[in-house]
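Visitor: Take this sequence and fold it.
(one chain, ligands or ions: 1)
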Amino acid sequence: MKLYVYDHCPFCVKARSIFGLKRIPFELVIMLNDDEATPSRMIGKKMAPILEHDGRFIPESMDIVAHIDAMTNDAVLVGPRNPRIAQWIDDATSALYPLAMPRWAASGMTEFATPQARATFTRNKEAIIGSFADNLAKSGDYIAYLDKHLQSLDKLIQSPDAVNGVLSEDDIHLFACLRALSIVRGITYPTAVSAYRMRMAARTGVDLHDESAA
Ligand SMILES: N[C@@H](CCC(=O)N[C@@H](CS)C(=O)NCC(=O)O)C(=O)O
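Guide: Okay, here's the model as predicted:
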């Protein structure tokens, strides 16, 4: 199985996570951000993640998660969901992307290995959130908001192994969000959130960006 991704992409982290949680081997292919041909050949448009399995192409991160979790008779995402986790992620998103996108664009990630690839990402994302410089200038406010917001997440985490005690889709979504946030330097992670993100990184095999955070 081959999983085509961008390293920064939270949707791709969701797809990557299930392989790690189930210890199923796969080949990770990181596409250049201006490579339209590779994804278009598989699914007719530029989008990641894409799973190639037995000559079939599956787009949509949560379809990939469901496909891999159902592949063997030891499904892992069997726990209950808590609507407050989805709400927490929704509320985090408005601050997450303005913080993360300019930092991803300046990072050494593989999808930005050429100036053209980096320029494509910058052009496409600035069209959505506005100038990266303007967003970076507001970092302090966004970080203050998220620091406070993370305090409320801390109270919702039941175990470092699973936000609701038993692994569920909430963990896939929440870890993807926290991994995206890891590119931002200066975030204060409360105790339970800190333990959770480290444990999930180890279990999923998806590295946090703490070392390259900016
Ligand atoms: N609903 C899709 C969303 C995937 C998505 O938005 N991926 C982004 C990367 S984070 C993408 O490929 N956007 C097009 C682009 O970057 O050109 C999923 O869950 O897989």
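Visitor: Got the domain ranges for this protein?
Guide: Split into domains by automatic domain parsing, the chain comes to 2-71, 83-212.
Visitor: Just put the ones you listed in JSON lines and tack on mean pLDDT and mean neighbour count.
Guide: C-beta: built from backbone N, CA, C; applies to glycine. Shown next, in JSON lines, are the domains of the chain (pLDDT from 0 to 100; neighbours: other Cβ atoms under 10 Å):
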{"stretch": "domain 2-71", "mean pLDDT": "98", "mean neighbour count": "18"}
{"stretch": "domain 83-212", "mean pLDDT": "98", "mean neighbour count": "17"}
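Visitor: near the ligand, which residues of this structure show up?
Guide: When proximity is defined as Cβ under 6 Å from any ligand atom, the chain approaches the ligand at 6, 9, 11, 46, 47, 48, 49, 60, 61, 124.
Visitor: What residues does the fifth one make contact with?
Guide: By Cβ atoms under 8 Å, 6 or more residues apart in numbering, the contact list for residue 47 reads 39, 59.
Visitor: can you dump the C-alpha coordinates of the longest helix belonging to the chain into CSV?
Guide: The single longest helix within the chain, with elements called by DSSP state H, is helix 83-105. Extracted in CSV, the C-alpha atoms of helix 83-105 (Å, rounded to 0.1, in the frame of the first residue of the first chain):
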residue,chain,number,x,y,z
PRO,A,83,-19.1,15.8,20.8
ARG,A,84,-17.1,18.2,22.9
ILE,A,85,-13.9,17.1,21.2
ALA,A,86,-15.3,17.9,17.7
GLN,A,87,-16.4,21.3,19.1
TRP,A,88,-13.0,21.9,20.6
ILE,A,89,-11.3,21.2,17.3
ASP,A,90,-13.7,23.4,15.4
ASP,A,91,-13.0,26.2,17.9
ALA,A,92,-9.2,25.7,17.6
THR,A,93,-9.2,25.8,13.8
SER,A,94,-9.8,29.5,13.3
ALA,A,95,-6.5,30.2,15.2
LEU,A,96,-4.6,27.1,14.0
TYR,A,97,-4.4,27.8,10.3
PRO,A,98,-3.3,31.4,10.5
LEU,A,99,-0.5,30.3,12.8
ALA,A,100,0.5,27.1,11.0
MET,A,101,0.2,28.0,7.3
PRO,A,102,3.0,30.6,7.2
ARG,A,103,5.2,28.4,9.3
TRP,A,104,4.6,25.4,7.1
ALA,A,105,5.4,27.5,4.0
